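Colleague: could you look at this predicted model? Sequence included:
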Amino acid sequence: MGEFMTIGPATVGEGDVAGFDIEGAKIGVARVAGWLYAFSAVCTHQGCPLAEMGELDGKELECECHGSVFDVTTGAVLDGPATVPLEVYPTREVDGNIEIEV
């Protein structure tokens, strides 16, 4: 098991996605049904930035480059052309901050 690290303030609103650069990794955080979910914010199809260009609808995040759709709660590919799921990170909210397990 890894350690939890603080990545930023928990100001991500319901239905929003925020991007963070953590030690060179692009991490996206979305709030869905009150819960925070963290995931790799780089589309596994051709590397487009999901936090900046993705469209969140419920728990489904669509890459605006080529239309791949991912489930931000599990990282699963829901619709291609991507075939590889997103990496997801255990996430928690502590004292107004977002923490992810790395």
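Modeller: Ah, there it is.

Colleague: and Met5, what does it touch?
Modeller: When contacts are counted by C-beta atoms under 8 Å, 6 or more residues apart in numbering, Met5 touches 22, 99-102. Bear in mind the C-beta positions are built from the backbone N, C-alpha and C, glycine included.

Colleague: can these go into JSON lines with extra columns for secondary structure and neighbour count?
Modeller: JSON lines is the format used below for the contacts of Met5 (DSSP: H, G, I helix; E, B strand; the rest coil; neighbours: other C-beta atoms under 10 Å):
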{"residue": "Ile22", "secondary structure": "strand", "neighbour count": "14"}
{"residue": "Glu99", "secondary structure": "strand", "neighbour count": "21"}
{"residue": "Ile100", "secondary structure": "strand", "neighbour count": "24"}
{"residue": "Glu101", "secondary structure": "strand", "neighbour count": "13"}
{"residue": "Val102", "secondary structure": "coil", "neighbour count": "15"}
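
Colleague: looking at those residues, which one is closest to Gly58?
Modeller: Using C-beta to C-beta, Ile100 is the member of the contacts of Met5 that sits closest to Gly58, with 21.5 Å.

Colleague: show me what that closest one bridges to in the sheet.
Modeller: Ile100 forms beta bridges with Met5, Thr91, as assigned by DSSP bridges.

Colleague: immediately after the longest strand along the chain, which helix or strand?
Modeller: The longest strand of the chain (DSSP state E) is strand 25-32. Moving toward the C-terminus from strand 25-32, the next helix or strand (DSSP states H and E) is strand 35-40.
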